[in-house]
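Asks: Pasting a predicted model and its sequence here:
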Amino acid sequence: MSTHQQDATPVRPTTAVDALADRYVDAATRLSPLEATYIGIPGFDDQMDDLSPAGLAEVSALRQRTLAELAAATPVDDVDRITIAAMTERLTLAEQMYAVGLDHMNLNVLASPSQTVRDIFDLMAQDSDDAWSTFTTRMAKVPGALAGYTESLAARPRRRQCRTAPTGPGRHRAVPRPRRRGRLFHDPRGQCPLGRH
């Protein structure tokens, strides 16, 4: 027997769960060209994400459709089971964050959409006329992306902080912060809006 025959391993056939995962990646990168650039998928480098409430809702709708497909999927091996478990966990968490409005209030000094829009250009090629054409086409779409982002920030849910609750004029009493457990937040006393979703 030749060395080639000894080293040969069976090629795992593509399953329905594999196809489901591929469809999700295809759809997700169409909705997030920035993510496509980050993970090295070509063809989206001249485009920009829709960071408006409508764009966030479209991404949420994709997650919900995919979660429904995952719940109905039948795994044929351990690879499928891991795929279903990992995608379900990640997409469920993302939907919980969206449901409590965290996507609409995503603002910090390190890693929020404004930084993503800026940082993406560091990953783009600049070594040819075509590359610079792609670069400038995306750059021209920055104002629209940031306008959508500003719209989302303005549309964020208005919630009072959960650290204290008023008990009378000028007086407050302490309220426990919600504890993480299972879902995004767990508030056993039901006093924090983040605990109700």
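Replies: That came in fine, so what should we check first?
Asks: residue ranges for the helices of this protein, please.
Replies: In the chain, the helices defined using DSSP state H lie at 3-7, 16-31, 33-39, 53-72, 78-99, 113-119, 129-139, 142-154.
Asks: which parts of the second one are buried?
Replies: When burial is assessed from 16 or more other CB atoms under 10 Å, helix 16-31 yields the following buried residues: V17, L20, A21, Y24, A27, A28, T29, L31. All C-beta atoms are positioned from the backbone trio N, CA, C, and that covers glycine.
Asks: quick one: I41 from L107, how far?
Replies: I41 is 27 Å from L107, where distance means CB to CB, to the nearest Å.
Asks: Those two - which one has more neighbours?
Replies: Counted by other CB atoms under 10 Å, I41 and L107 do not tie: I41 has more neighbours, with 15 against 12.
Asks: Burial check on D122, number of neighbours?
Replies: As a burial measure, D122 scores 7 neighbours (other CB under 10 Å).
Asks: Does T74 touch T15 like I think?
Replies: No - using CB atoms under 8 Å, T74 is not in contact with T15, being 9.3 Å away.
Asks: who has more neighbours, those two?
Replies: Shown here are T74 and T15; by other CB under 10 Å, T15 has more neighbours (17 against 9).
Asks: backbone phi and psi for that one, please?
Replies: Phi and psi for T15, reported as degrees, to the nearest 10, are phi -100, psi 170.
Asks: before we move on, what about G43?
Replies: Phi and psi for G43, reported as degrees, to the nearest 10, are phi 100, psi 0.
Asks: how much space is there between it and S112?
Replies: Relative to S112, and taking CB to CB, G43 is found at 26 Å.
Asks: which one of these two has more residues nearby?
Replies: Comparing G43 with S112 by other CB under 10 Å, the one with more neighbours is S112, at 14 against 11.
Asks: and the residue positioned nearest the centre of the chain, what does it touch?
Replies: Residue closest to the average C-alpha location in the chain (CA atoms, centre = their mean): A94, at 5.9 Å. For A94, the contact set (CB atoms under 8 Å, 6 or more residues apart in numbering) comprises R63.
Asks: Low-confidence ranges, this structure, go.
Replies: Across the chain, the ranges flagged by pLDDT under 70 are 1-8, 158-197.
Asks: if we go to 90?
Replies: Counting by pLDDT under 90, the low-confidence segments of the chain come to 1-10, 105-112, 155-197.
Asks: wait, which of the helices of the chain is closest to Q47?
Replies: Minimum separation from Q47 across the helices of the chain (CB to CB) falls at helix 33-39, 3.7 Å.
Asks: What lies in contact with the closest one?
Replies: For helix 33-39, the surrounding residues in contact (CB under 8 Å, 6+ apart) are 28-29, 42-45, 47-49, 116-117, 120, 123-124.
Asks: Put the buried members of those residues into a ChimeraX selection.
Replies: Applied in ChimeraX, the following selects the buried portion of the contacts of helix 33-39 according to 16+ other CB under 10 Å:
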select :28,29,44,45,47,48,49,116,117,120
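Asks: Closest one to M87 out of the contacts of helix 33-39, please.
Replies: Lowest distance from M87 to these (CB to CB) belongs to A28, with 10.9 Å.
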